[in-house]
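Novice: sequence? don't have it. structure:
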(Lines give C-alpha, C1' and ligand atoms only; values in the text may rest on other atoms or scores of the structure.)
Protein backbone atom coordinates (compact mmCIF):
# COMPACT_ATOMS: atom_id res chain seq x y z
CA UNK A 1 0.00 0.00 0.00
CA UNK A 2 2.82 2.41 0.83
CA UNK A 3 4.34 1.83 -2.62
CA UNK A 4 1.09 2.47 -4.47
CA UNK A 5 0.62 6.07 -3.34
CA UNK A 6 3.92 7.38 -4.81
CA UNK A 7 3.18 5.54 -8.05
CA UNK A 8 -0.28 7.09 -8.26
CA UNK A 9 1.08 10.54 -7.45
CA UNK A 10 3.82 10.14 -10.05
CA UNK A 11 1.30 9.03 -12.66
CA UNK A 12 -0.97 11.98 -11.84
CA UNK A 13 1.97 14.39 -12.10
CA UNK A 14 2.98 12.94 -15.47
CA UNK A 15 -0.54 13.18 -16.88
CA UNK A 16 -0.96 16.71 -15.52
CA UNK A 17 2.32 17.78 -17.10
CA UNK A 18 1.45 16.30 -20.49
CA UNK A 19 -1.98 17.94 -20.46
CA UNK A 20 -0.41 21.28 -19.57
CA UNK A 21 2.17 21.10 -22.36
CA UNK A 22 0.02 19.56 -25.11
CA UNK A 23 -3.52 20.69 -25.85
CA UNK A 24 -6.10 18.01 -25.15
CA UNK A 25 -7.25 18.08 -28.77
CA UNK A 26 -3.73 17.27 -29.97
CA UNK A 27 -3.61 14.25 -27.68
CA UNK A 28 -7.11 13.22 -28.81
CA UNK A 29 -6.12 13.36 -32.48
CA UNK A 30 -2.99 11.34 -31.75
CA UNK A 31 -5.00 8.72 -29.86
CA UNK A 32 -7.56 8.49 -32.66
CA UNK A 33 -4.90 8.12 -35.33
CA UNK A 34 -3.19 5.44 -33.26
CA UNK A 35 -6.43 3.57 -32.65
CA UNK A 36 -6.17 3.82 -28.87
CA UNK A 37 -9.78 3.74 -27.64
CA UNK A 38 -8.86 4.00 -23.96
CA UNK A 39 -6.90 7.23 -24.57
CA UNK A 40 -9.72 8.57 -26.74
CA UNK A 41 -12.17 7.92 -23.90
CA UNK A 42 -9.85 9.56 -21.38
CA UNK A 43 -9.33 12.67 -23.50
CA UNK A 44 -13.06 13.04 -24.12
CA UNK A 45 -13.69 12.64 -20.40
CA UNK A 46 -11.11 15.36 -19.74
CA UNK A 47 -12.91 17.71 -22.10
CA UNK A 48 -11.17 17.41 -25.46
CA UNK A 49 -13.30 18.73 -28.30
CA UNK A 50 -14.38 15.81 -30.52
CA UNK A 51 -15.24 18.30 -33.29
CA UNK A 52 -11.89 20.09 -33.24
CA UNK A 53 -9.51 19.69 -36.14
CA UNK A 54 -5.84 19.94 -36.86
CA UNK A 55 -6.60 22.33 -39.70
CA UNK A 56 -7.39 19.46 -42.04
CA UNK A 57 -9.47 16.72 -40.45
CA UNK A 58 -11.52 16.07 -37.32
CA UNK A 59 -10.98 13.08 -35.03
CA UNK A 60 -13.99 11.39 -36.68
CA UNK A 61 -12.46 11.89 -40.13
CA UNK A 62 -9.21 10.27 -38.98
CA UNK A 63 -11.03 7.37 -37.30
CA UNK A 64 -13.00 6.64 -40.47
CA UNK A 65 -9.93 6.99 -42.69
CA UNK A 66 -7.86 4.67 -40.47
CA UNK A 67 -10.68 2.14 -40.07
CA UNK A 68 -10.98 2.39 -36.27
CA UNK A 69 -14.62 1.33 -36.05
CA UNK A 70 -14.93 1.37 -32.22
CA UNK A 71 -13.52 4.90 -32.12
CA UNK A 72 -15.93 5.96 -34.88
CA UNK A 73 -18.81 4.63 -32.75
CA UNK A 74 -17.50 6.50 -29.70
CA UNK A 75 -17.19 9.79 -31.57
CA UNK A 76 -20.65 9.66 -33.16
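Specialist: Received it, and whenever you're ready, just let me know what you need. Computed from a predicted model, the values in this text were never measured in an experiment.
Novice: can we go C-alpha only for contacts and neighbour counts from here?
Specialist: Fine.
Novice: how about low-confidence regions in the chain?
Specialist: By pLDDT under 70, the weakly predicted segments of the chain are 1-23.
Novice: which stretches of it form helices?
Specialist: Using DSSP state H, the helices assigned to the chain run over residues 4-21, 24-34, 37-45, 59-66, 69-75.
Novice: Just to check, residue 62 is in contact with residue 33?
Specialist: Yes - with contact defined as C-alpha atoms under 8 Å, residue 62 counts as touching residue 33 (6.0 Å).
Novice: Could you list the residues in contact with stretch 44-51?
Specialist: For stretch 44-51, contacts defined as C-alpha atoms under 8 Å, 6 or more residues apart in numbering pick out 24-25, 28, 58-60, 75.
Novice: If you count neighbours, what's buried in it?
Specialist: For stretch 44-51, the neighbour count (16 or more other C-alpha atoms under 10 Å) marks 44, 48-50 as buried.
Novice: go on, stretch 62-71?
Specialist: Quick answer for stretch 62-71 (16+ other C-alpha under 10 Å): 62-64, 68, 71.
Novice: From those residues, pick the one nearest residue 37.
Specialist: Nearest to residue 37 among those, counting by C-alpha to C-alpha, is residue 71 at 6.0 Å.
Novice: give the contact list for that closest one.
Specialist: Applying C-alpha under 8 Å, 6+ apart to residue 71 gives the contacts 32, 35, 37, 40, 60, 63.
Novice: how close does it get to residue 25?
Specialist: When C-alpha to C-alpha, to the nearest Å is the yardstick, residue 71 and residue 25 sit 15 Å from each other.
Novice: And residue 31, by the same measure?
Specialist: According to C-alpha to C-alpha, residue 31 and residue 25 sit 10 Å apart.
Novice: same check, this time on residue 65
Specialist: Separation of residue 65 from residue 25 (C-alpha to C-alpha): 18 Å.
Novice: what does residue 38 give?
Specialist: Going from residue 38 to residue 25 by C-alpha to C-alpha gives 15 Å.
Novice: How about residue 64?
Specialist: Taken as C-alpha to C-alpha, the spacing of residue 64 relative to residue 25 amounts to 17 Å.
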